[in-house]
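**Q** no FASTA, just this:
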């Protein structure tokens, strides 16, 4: 496959955010540029970039809150889906979290995203009996 997965750098930001948008992962109420910058700002999170032939082909944001690991923004270029890049990114995410002593990985998938749910099920992830409750801070809607 010729794919490498390495931590993204600030120089990757525009390409990674464009990939997240192409994959339909962004929402108007979340600022993906700020999310990318914040993930790179500290040791508890990272954005990992998959490159094939030297070009960005996929990415994932990963973080450890001290209790659970979290995976966000897993995206693979539309032209390279089905080539194992998503699996490689999840394996890299798991290694990143294991290196930090993380005992469990969590992620959120929109309820109507059957393709993503199937992808994660094929990797051994299962739907958990939890309800996500949230509130936006800073006056954002």
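**A** All right, it came through fine. Everything numeric here is computed off the predicted structure, so don't read it as measured data.

**Q** ok, which stretches of this structure are strands?
**A** 3-7, 45-52, 55-64, 69-76, 105-107 (DSSP state E).

**Q** Looking at the third one now, give me its mean pLDDT.
**A** Mean pLDDT, strand 55-64: 97.

**Q** swap in the second one?
**A** Averaging pLDDT along strand 45-52 yields 96.

**Q** Strand partners (parallel or antiparallel) of it?
**A** strand 3-7 (antiparallel), strand 55-64 (antiparallel) (DSSP bridges).

**Q** Go through these and name the closest to residue 47.
**A** strand 55-64 (5.1 Å; CB to CB). Glycine gets a C-beta too; all of them are placed from N, C-alpha and C.

**Q** Can you tell me which of the strands of the chain is nearest to residue 99?
**A** Closest approach to residue 99 among the strands of the chain is made by strand 55-64 (9.5 Å; CB to CB).

**Q** between the closest one and strand 69-76, how many degrees?
**A** 170 degrees (axes from the mean of the first three to the mean of the last three CA atoms, to 10 degrees).

**Q** what's strand 55-64 in contact with?
**A** With contacts defined as CB atoms under 8 Å, 6 or more residues apart in numbering, strand 55-64 is touched by 3, 8, 12, 15-16, 19-20, 35-36, 39, 44-51, 69-77, 80, 85-86, 88-90, 92-93, 96-97, 100, 102.

**Q** I figured residue 109 was touching residue 116, is that so?
**A** Yes - shown here, residue 109 and residue 116 form a contact pair, counting by CB atoms under 8 Å, at 4.7 Å.
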